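Chemist: need the 3D shape of this:
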Amino acid sequence: MIKAADAAPGGGPTLGWWAAAAALLVVLLVPLLMVDVPPVLDYPNHLARYFVLAHPDDPILSQVYAPHWRILPNLGMDVIGAALLKVSSVHVGGRILLALSLLMPVIGAIVYHRVVFGRFSYWSLASGVVAYNAVFFLGFMNFLLSLGLALIGAAAWIALRRRNRNVAAVVIGAAFAALTFFSHIFGVALFALLIGSEEMARIVRARRDDAPVFREMAVSALLLTLALAPAVALYLASPLSEAGAGVGPWRGLAKMWDLFAPVMTTSEVVTMLSVGALLIALGLVTSGARLAPALPLTLVVLAAGFVIVPAMYKGGSFLDIRLAVMAAVLLFAGMLPQLSPRRAVAVAALVIALIAGRSVYVSKDWYDHRHDLAELRAAIAHVEPGERVLMARGRAVDIIAAAQAGRALARYFPLDNHVGALLTIERRAFWPLMFADATQQPLVVKPAFASYAAPLCEPVELSMLMETASLPVGQVGHRCKNYLADWPHRFDAVLMLEPPATAPSPELSPAYRGNYVALYRVTPPQAEPGSAARVHAGELSSPVQ
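Modeler: A predicted model of the protein is given here:
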C-alpha cells in the first residue's frame, strides 16, 4: 500500500506536488479571465459597496452613502476591497477579491491537512473539486474567506497543542477567533467546532491511555474558553447579538438537493455528473484512510446542523448549503488516503478530469455571460450620473429556463438579482438594492435617501411595481415594498430584466430594449391640484463641471 502523498524529506512538498498545485491554481482561475463581471449573485452588489467605500469623497455617491465602520462579523472583504480598489481598477480588483474567496477554502484545506498529517498530500489539492460550489456562485465572499481562516487557525492550534505550547495556542487561537469573526460568524463556529473536537479527541486518548482525564478536561476547557472569548465578546458588542430571530422556514425534503451544494452549478446535468464522480472518488479513498482526530465529531455536528437549521436566521440565508460546503471541504482537509498504485492512478485521473471539466464548464458559462453583460451595459448607458433607477423583473423567475441561460443555479436560485449594482459602479447612479444595512455592512444610506432604499431585498416583479405606483409614501407596510410607493414621482428610470414585449404602463417610456434587459424612462402622471409633482428630498446634484 502507498499513501496519496508526495513529501520530501522532512515533510516538505516535492517538485511534483508544487507542479500539481500550480496547475490547480491555473485551472481554477481560468474562468475569471472570461468576463470582467462574472455571473455570481451577490458579487456586483458587494463590489459596488467596496467601490463606494474606496471612494468616500466621490462628489455624487457621497451624497447618498456614508461609511459606517463598526464591530460587525462581515468586514473582512470590505476592508480588503476598500483598500484594493484605491489602487486597482474596479473590475480587476473585484476579480482578485473573487479569486481570494474561491481559493481560501482550498488553501485552508491544504494547511490543515499538512499540519494534521505532517505531510503535503495530493488529496488536499483535490479540494479544488469543490472550489466552484453553490456558496461561491451565490457570492458569499466573506463566508468563504472565513472558512479558509477557520481551517488555518485550527491547524495552528493543533500544531501548538501537540508541542504543549498552551500559552501560544491561546494567543494564536484568540487572534484567529477574532480575525475569523470579522470575516463571518459561521467561520467562528467552524473554528470553535474544529478545535473543540480536537480537544475532545485528546480527552478520549487520555482516557484510553489511563492518563489523568479530569486534568485533561480542565486544561482543554480553560484553553478553549480563553481562545474563544474574544469572538464571544465581539459578538456581544455587535448588532448581530441584538437582531431579532428572523427565523425562516425549514426546507424539509428540499434539503436533499441542497446536499449537492458543494458541486452545484447552473447545469443540473453537470451537477449530477459531479456528484457521481465525487462519490466514486470518495468510495475509492475512504477504505483504510487516516482521519484527522477532529473529523468524525465535526462531520456529525455539521450533518445534524444541516438537517436542523432553517433557511434563514438573524439575517443569514442559505444556511444549510453553507454547512454542506464546510463538510465537503473537510473531507479533503481531514482525510489521508492509503492507496495501492493502481487505485491511486484511478483516483488521480478521476479528480483531474473532474476539476478540469468543471472549470471548462464554468469558463464557457461565463464566456457566454458576456452577451447578457453587453446588453446590460447598453441599457445603463442611457442613465446619467446621479439618477435614481429602480430594478424590476418583467415576470416571475423560471429557474429552469434561467439555469439553462446561465442565470440561475440549477433548481435553486437566480444569479442575476444584483446586476443592477453596475448602475452605481459604472454610471454613479442610485439604485435601491445596495447592500448598505447598518446591522450587516459598514455602509449606510444617508437620511435623505433612506425612503428610497431597500437593502437586502430582491428586484420587484412587474405586478408589484404596478400595484405600488399610486400608493402613498410610508403606507405600504413591508420593508421590501416601502421604497416603491409613488415610484413614478420618485425615480427617474426602471431597469427591467426579461421585459415584456411592450411598455407595461404609460409611465414607462422605452429608452433601450433588448431580449434580456430593458431601460424605461419614468414619465410621472399629471399631478393632482394641490399635490407635489415630485419629491425633492432625494434629488442628487451633479458636480460642477
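Chemist: how is the chain divided into domains?
Modeler: Domain assignment for the chain by automatic domain parsing gives 2-14+33-239+251-362, 370-522.
Chemist: would you mark the buried spots in the helix or strand containing Ala175?
Modeler: Counting by DSSP states H and E, the element that carries Ala175 is helix 166-181. For helix 166-181, the neighbour count (16 or more other CB atoms under 10 Å) marks 169-170, 172-174, 176-181 as buried. All C-beta atoms are positioned from the backbone trio N, CA, C, and that covers glycine.
Chemist: what does that helix contact?
Modeler: Residues from elsewhere that reach helix 166-181 (CB atoms under 8 Å, 6 or more residues apart in numbering): 73, 146, 149-150, 152-153, 156-157, 160-161, 187-188, 191-192, 195, 219, 223, 226-231, 234-235.
Chemist: tell me the mean pLDDT for it?
Modeler: Helix 166-181 comes out with an average pLDDT of 97.
Chemist: returning to what we had before: can I get the buried residues of helix 166-181 in TSV including distance to Gly316?
Modeler: Below are those laid out as TSV (distance: CB to CB, whole Å):
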residue	distance to Gly316
Ala169	29
Val170	29
Ile172	27
Gly173	24
Ala174	24
Phe176	21
Ala177	19
Ala178	20
Leu179	19
Thr180	15
Phe181	14
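Chemist: of those residues, closest to Ala327?
Modeler: Nearest to Ala327, judged by CB to CB, of the buried residues of helix 166-181 is Thr180 at 17.9 Å.
Chemist: any idea how far Ala156 is from the closest one?
Modeler: Separation of Thr180 from Ala156 (CB to CB, to the nearest Å): 12 Å.
Chemist: next one: Ala131
Modeler: 23 Å.
Chemist: and those two? Which one has more around it.
Modeler: Using other CB atoms under 10 Å as the criterion, Ala131 and Ala156 rank with Ala131 on top: 26 against 20.
Chemist: thinking again about what came up before, how far is the helix holding Ala175 from where the chain is centred?
Modeler: 24 Å (CA atoms, centre = their mean, to the nearest Å).
Chemist: for the domains of the chain, give me TSV that also has distance to Leu25.
Modeler: Below are the domains of the chain laid out as TSV (distance: least, CB to CB, whole Å):
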stretch	distance to Leu25
domain 2-14+33-239+251-362	8
domain 370-522	24
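Chemist: quick one: closest of those to Val26.
Modeler: Closest to Val26 of the domains of the chain is domain 2-14+33-239+251-362 (CB to CB; 9.3 Å).
Chemist: what about the closest one, distance to the chain center?
Modeler: Centroid separation for domain 2-14+33-239+251-362 versus its chain: 12 Å, with CA atoms, centre = their mean.
Chemist: ok, now stretch 395-411?
Modeler: For stretch 395-411, the separation from the chain centroid amounts to 19 Å (computed by CA atoms, centre = their mean).
Chemist: which residues outside that stretch are in contact with it?
Modeler: Residues from elsewhere that reach stretch 395-411 (CB under 8 Å, 6+ apart): 39, 134, 137-138, 257, 264-268, 271, 365-366, 368-369, 372, 412-416, 461-462, 498, 500.
Chemist: could I get the buried residue list for it?
Modeler: By neighbour count with 16+ other CB under 10 Å, stretch 395-411 contains the buried residues 397, 399, 402-403, 405-410.
Chemist: again with stretch 91-104
Modeler: For stretch 91-104, by 16+ other CB under 10 Å, it's 91, 93-95, 97-98, 100-104.
Chemist: which one among those residues gets closest to Tyr313?
Modeler: Of all the buried residues of stretch 91-104, Tyr313 sits closest to Ser101, with 22.1 Å by CB to CB.
Chemist: please, which helix or strand holds that closest one?
Modeler: Element membership of Ser101, judged by DSSP H and E, is helix 90-117.
Chemist: repeat that for Gly386.
Modeler: Using DSSP H and E, Gly386 is not contained in any helix or strand.
Chemist: number of residues surrounding it?
Modeler: Using other CB under 10 Å, Gly386 has 20 neighbouring residues.
Chemist: got any ranges where the stretch 201-350 of the chain has weak pLDDT?
Modeler: Along the stretch 201-350 of the chain, segments meeting pLDDT under 70 span 243-246, 314-315.
Chemist: strands of that one, residue ranges please.
Modeler: Under the criterion DSSP state E, counting those that start in this stretch, the stretch 201-350 of the chain contains strands at 290-291, 312-313, 316-317, 335-336, 338-339.
Chemist: next, the spatially most central residue of the chain: phi, psi?
Modeler: The centroid of the chain falls nearest to Phe140 when counting by CA atoms, centre = their mean (0.8 Å). Per-residue torsions, Phe140: phi -90, psi 70 (degrees, to the nearest 10).
Chemist: in this structure Glu387 contacts Ala429, no?
Modeler: Yes: in this structure Glu387 lies within contact range of Ala429 using CB atoms under 8 Å: 4.9 Å.
Chemist: more neighbours: the two, which one.
Modeler: More crowded of Glu387 and Ala429, by other CB under 10 Å: Ala429, with 25 against 21.
Chemist: give the contact list for that one.
Modeler: When contacts are counted by CB under 8 Å, 6+ apart, Ala429 touches 380, 383-389, 423.
Chemist: quick check: which ranges of the stretch 1-150 of the chain have low pLDDT?
Modeler: For the stretch 1-150 of the chain (pLDDT under 70), the answer is 1-11.
Chemist: go with 90
Modeler: Segments of the stretch 1-150 of the chain classed as low confidence (criterion: pLDDT under 90) are 1-13, 74.
Chemist: all the helices of it, residue numbers only.
Modeler: Assigned by DSSP state H, counting those that start in this stretch, the stretch 1-150 of the chain shows helices spanning 15-29, 43-54, 76-87, 90-117, 122-125, 134-137, 141-162.
Chemist: nearest to Ala469, of these?
Modeler: Comparing the helices of the stretch 1-150 of the chain by CB to CB, helix 43-54 comes nearest, at 25.3 Å.
Chemist: flag every buried residue along the closest one.
Modeler: By neighbour count on 16+ other CB under 10 Å, the buried set for helix 43-54 is 43-54.
Chemist: quick one: contacts of that helix?
Modeler: Under the criterion CB under 8 Å, 6+ apart, residues 37, 58, 61, 65, 67, 77-78, 81-86, 90, 93-94, 97-98, 139, 141, 418-422, 424-425, 433-436, 441-443 lie in contact with helix 43-54.
Chemist: mind checking which of these are buried?
Modeler: In those, burial by neighbour count holds for 37, 58, 61, 65, 67, 77-78, 81-82, 84-85, 90, 93-94, 97-98, 139, 141, 418-422, 424-425, 433-436, 441-443, counting by 16+ other CB under 10 Å.
Chemist: redo the strands of the stretch 201-350 of the chain as a markdown table? Include distance to Leu376.
Modeler: Below are the strands of the stretch 201-350 of the chain laid out as a markdown table (distance: least, CB to CB, whole Å):
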| stretch | distance to Leu376 |
| --- | --- |
| strand 290-291 | 48 |
| strand 312-313 | 29 |
| strand 316-317 | 25 |
| strand 335-336 | 43 |
| strand 338-339 | 48 |
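Chemist: Val247: which of those strands is closest?
Modeler: strand 312-313 (5.6 Å).
Chemist: what does stretch 288-300 rub up against?
Modeler: Taking CB under 8 Å, 6+ apart as the rule, stretch 288-300 contacts 1, 112, 116-117, 154, 158, 193-195, 197-198, 200-202, 205, 327, 330, 333-338.
Chemist: and it, end to end?
Modeler: Distance between the boundary residues of stretch 288-300 (CA to CA, to the nearest Å) amounts to 19 Å.
Chemist: go on, stretch 156-168?
Modeler: Terminal residues of stretch 156-168 lie 10 Å apart, using CA to CA.
Chemist: same check on stretch 419-428?
Modeler: The straight-line separation of the ends of stretch 419-428 (CA to CA) is 14 Å.
Chemist: what sits up against it?
Modeler: 37, 44-45, 47-48, 51-52, 58, 60-61, 90, 372, 376-377, 380-381, 383-387, 389, 391, 429-431, 433-434, 459, 495, 497.
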